[in-house]
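Asks: this one's sequence-less:
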(Lines give C-alpha, C1' and ligand atoms only; values in the text may rest on other atoms or scores of the structure.)
Protein backbone atom coordinates (compact mmCIF):
# COMPACT_ATOMS: atom_id res chain seq x y z
CA UNK A 1 0.00 0.00 0.00
CA UNK A 2 2.68 2.46 -0.83
CA UNK A 3 1.44 5.90 -1.54
CA UNK A 4 -1.78 5.28 0.38
CA UNK A 5 -2.47 7.46 3.41
CA UNK A 6 -1.94 5.63 6.66
CA UNK A 7 -5.00 5.21 8.87
CA UNK A 8 -5.26 7.65 11.71
CA UNK A 9 -5.70 6.22 15.15
CA UNK A 10 -6.85 7.97 18.26
CA UNK A 11 -3.78 9.36 19.95
CA UNK A 12 -2.76 8.11 23.35
CA UNK A 13 -4.83 9.70 26.05
CA UNK A 14 -2.61 11.39 28.60
CA UNK A 15 -4.97 10.86 31.55
CA UNK A 16 -6.53 7.50 30.69
CA UNK A 17 -4.67 6.08 33.70
CA UNK A 18 -6.37 7.40 36.83
CA UNK A 19 -2.98 7.56 38.59
CA UNK A 20 -1.76 10.08 36.01
CA UNK A 21 -4.92 12.15 36.37
CA UNK A 22 -4.66 11.99 40.16
CA UNK A 23 -1.01 13.11 40.06
CA UNK A 24 -1.90 16.10 37.88
CA UNK A 25 -4.85 17.01 40.11
CA UNK A 26 -2.59 16.90 43.18
CA UNK A 27 0.03 19.01 41.41
CA UNK A 28 -2.57 21.62 40.47
CA UNK A 29 -4.10 21.57 43.95
CA UNK A 30 -0.68 22.11 45.52
CA UNK A 31 -0.11 25.18 43.33
CA UNK A 32 -3.60 26.59 43.84
CA UNK A 33 -4.43 29.40 46.20
CA UNK A 34 -6.35 28.00 49.16
CA UNK A 35 -9.18 29.83 50.93
CA UNK A 36 -9.29 28.66 54.55
CA UNK A 37 -7.65 25.43 53.43
CA UNK A 38 -10.21 24.88 50.68
CA UNK A 39 -9.03 24.51 47.11
CA UNK A 40 -11.53 25.30 44.37
CA UNK A 41 -12.09 22.46 41.92
CA UNK A 42 -13.16 24.77 39.07
CA UNK A 43 -9.68 25.83 37.93
CA UNK A 44 -8.33 22.28 38.35
CA UNK A 45 -11.19 20.85 36.31
CA UNK A 46 -10.78 23.50 33.61
CA UNK A 47 -7.02 22.91 33.35
CA UNK A 48 -7.36 19.14 32.98
CA UNK A 49 -10.09 19.48 30.38
CA UNK A 50 -7.99 22.04 28.47
CA UNK A 51 -5.11 19.58 28.54
CA UNK A 52 -7.28 16.99 26.82
CA UNK A 53 -8.70 14.99 29.70
CA UNK A 54 -12.27 13.80 29.42
CA UNK A 55 -14.76 14.43 32.21
CA UNK A 56 -14.56 10.72 33.06
CA UNK A 57 -10.76 10.83 33.30
CA UNK A 58 -10.90 13.91 35.53
CA UNK A 59 -13.52 12.29 37.74
CA UNK A 60 -11.52 9.04 37.99
CA UNK A 61 -8.41 10.96 39.05
CA UNK A 62 -10.30 12.96 41.65
CA UNK A 63 -12.05 9.87 43.02
CA UNK A 64 -8.73 8.05 43.25
CA UNK A 65 -7.17 10.91 45.22
CA UNK A 66 -10.12 10.81 47.61
CA UNK A 67 -10.06 7.00 47.95
CA UNK A 68 -6.33 7.08 48.63
CA UNK A 69 -7.08 9.68 51.34
CA UNK A 70 -4.90 12.36 49.78
CA UNK A 71 -7.77 14.81 49.28
CA UNK A 72 -11.05 15.29 51.07
CA UNK A 73 -14.08 16.57 49.21
CA UNK A 74 -15.72 19.56 50.91
CA UNK A 75 -19.43 19.18 51.66
CA UNK A 76 -20.22 21.73 48.93
CA UNK A 77 -18.48 19.44 46.40
CA UNK A 78 -16.91 22.57 44.89
CA UNK A 79 -13.71 22.40 46.95
CA UNK A 80 -11.16 19.88 48.14
CA UNK A 81 -8.86 19.94 51.12
CA UNK A 82 -5.54 18.17 51.53
CA UNK A 83 -5.62 15.44 54.14
CA UNK A 84 -2.57 15.09 56.39
CA UNK A 85 -1.47 12.17 54.17
CA UNK A 86 -1.87 14.34 51.07
CA UNK A 87 0.00 17.26 52.61
CA UNK A 88 2.85 14.95 53.65
CA UNK A 89 3.26 13.95 50.01
CA UNK A 90 4.54 17.46 49.26
CA UNK A 91 6.54 17.98 52.47
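Replies: Arrived safely, thanks for sending. Keep in mind that what you see is a predicted model, and the values were worked out from it rather than measured.

Asks: Run the chain-centre distance for stretch 53-72.
Replies: Distance, stretch centre to chain centre, for stretch 53-72: 6 Å (C-alpha atoms, centre = their mean, to the nearest Å).

Asks: Hmm, residue 48 is touching residue 21, no?
Replies: Yes. Counting by C-beta atoms under 8 Å, residue 48 touches residue 21, with 6.9 Å between them. C-beta: built from backbone N, CA, C; applies to glycine.

Asks: Need the overlap of contacts for those two.
Replies: Counting by C-beta atoms under 8 Å, 6 or more residues apart in numbering, the shared contacts of residue 48 and residue 21 are 15, 57-58, 61.

Asks: and the two most separated of those?
Replies: The largest separation in those, counting by C-beta to C-beta, is between 15 and 58 at 7.3 Å.

Asks: which neighbours do those two share?
Replies: Common neighbours of residue 15 and residue 58 (C-beta under 8 Å, 6+ apart) are 21, 48.

Asks: Apart from its neighbours in sequence, what residue is nearest the residue most central in space within the chain?
Replies: The centroid of the chain falls nearest to residue 25 when counting by C-alpha atoms, centre = their mean (3.2 Å). Nearest non-adjacent residue to residue 25, counting by C-beta to C-beta, 6 or more residues apart in numbering: residue 61, 5.0 Å away.

Asks: tell me which residues in the helix or strand hosting that neighbour are buried?
Replies: Counting by DSSP states H and E, the element that carries residue 61 is helix 55-67. Residues of helix 55-67 classed as buried by neighbour count (16 or more other C-beta atoms under 10 Å): 57-58, 60-62, 64-66.
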